[in-house]
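Novice: Fold the following for me, if possible:
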Amino acid sequence: MNNPLINPGIGVIFWMLVSFGILAFILIKWGWPAILKALHSREEAISASLSEAAKARQEMKSLVAHNEELLRQAKLERDEMLRSARLTSEQIVEEARAKAQEEADRIVDNARENINYEKLKAMHDLKNQIANLSIEIAEKLIRAELSDKSKADTLIQKELELMQLN
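Specialist: This is a model prediction of the structure:
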């Protein structure tokens, strides 16, 4: 058991302590500040990332709320547009119905006027035909009476007397 690693001698311990001291000095002088600086910058980066994440989370919440508000407004606008379109269509239908009723009334009035006109025309034609028939009948009767000379003279005398009286 004379292994120098298991039972080190005083010289080995001395040189190990000296090398450890030099290594510790170098690490404390240049290594430790660099490690602390890297840890500190890493801590700041993590802290900044966490604050950015919290800020992003807050912005997402506000964006979600804003989007929900926009969606609600869009639904309200859509409902208003649908209501307006429905009212407009009902108004158009009502106007068309009123125009159709006016047109139907106008057509009925025109038909009544045409019927009255045709009725008056028919009555006028009938009166003319009755007058023509009356004249023809009177003419035939007068011819029959005037065929006899004495009756014709009497009729002429009567008519002349009536004319003189009027």
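Novice: Check which element follows the helix or strand containing residue 55 along the chain.
Specialist: Using DSSP states H and E, the element containing residue 55 is helix 32-146. Per DSSP H and E, the first helix or strand lying C-terminal to helix 32-146 is helix 149-165.
Novice: one step back: how far off helix 149-165 does the helix holding residue 55 point, in degrees?
Specialist: 120 degrees (axes from the mean of the first three to the mean of the last three C-alpha atoms, to 10 degrees).
Novice: sec struct for residue 3, please.
Specialist: coil (DSSP: H, G, I helix; E, B strand; the rest coil).
Novice: what about it, distance to residue 36?
Specialist: According to C-beta to C-beta, to the nearest Å, residue 3 and residue 36 sit 39 Å apart. Backbone N, C-alpha and C define where each C-beta goes, glycine included.
Novice: So for these two, which residue has more residues nearby?
Specialist: residue 36 (10 against 7; other C-beta atoms under 10 Å).
Novice: I'd like to know how many residues surround residue 30.
Specialist: Number of residues near residue 30 (other C-beta under 10 Å) recorded here: 10.
Novice: And residue 31, by the same measure?
Specialist: Residue 31: 13 neighbours (other C-beta under 10 Å).
Novice: go on, residue 6?
Specialist: Neighbours of residue 6 using other C-beta under 10 Å come to 7.
Novice: Give me the pLDDT for it.
Specialist: pLDDT, residue 6: 74.
Novice: now swap in residue 90 and tell me
Specialist: With respect to pLDDT, residue 90 has a value of 94.
Novice: Quick check: it vs residue 97, distance?
Specialist: Distance from residue 90 to residue 97, by C-beta to C-beta: 10 Å.
Novice: Residue 8 now?
Specialist: Counting by C-beta to C-beta - residue 8 and residue 97 are separated by 116 Å.
Novice: So between these two, which is more surrounded?
Specialist: Applying other C-beta under 10 Å to residue 8 and residue 97 shows that residue 8 carries more neighbours, namely 13 against 10.
Novice: tell me the SS of the more buried one?
Specialist: Assignment for residue 8 (three-state DSSP): coil.
Novice: Does it touch residue 16 like I think?
Specialist: Yes - under the criterion of C-beta atoms under 8 Å, residue 8 makes contact with residue 16 at 7.5 Å.
Novice: Residue 157: neighbour count?
Specialist: Neighbour tally, residue 157, other C-beta under 10 Å: 10.
Novice: likewise residue 69?
Specialist: 10.
Novice: Under the pLDDT cut-off, which ranges of the chain? List them.
Specialist: 1, 4-5, 145-146, 165-166 (pLDDT under 70).
Novice: which residue lies farthest from the center of it?
Specialist: residue 2 (102.6 Å; C-alpha atoms, centre = their mean).
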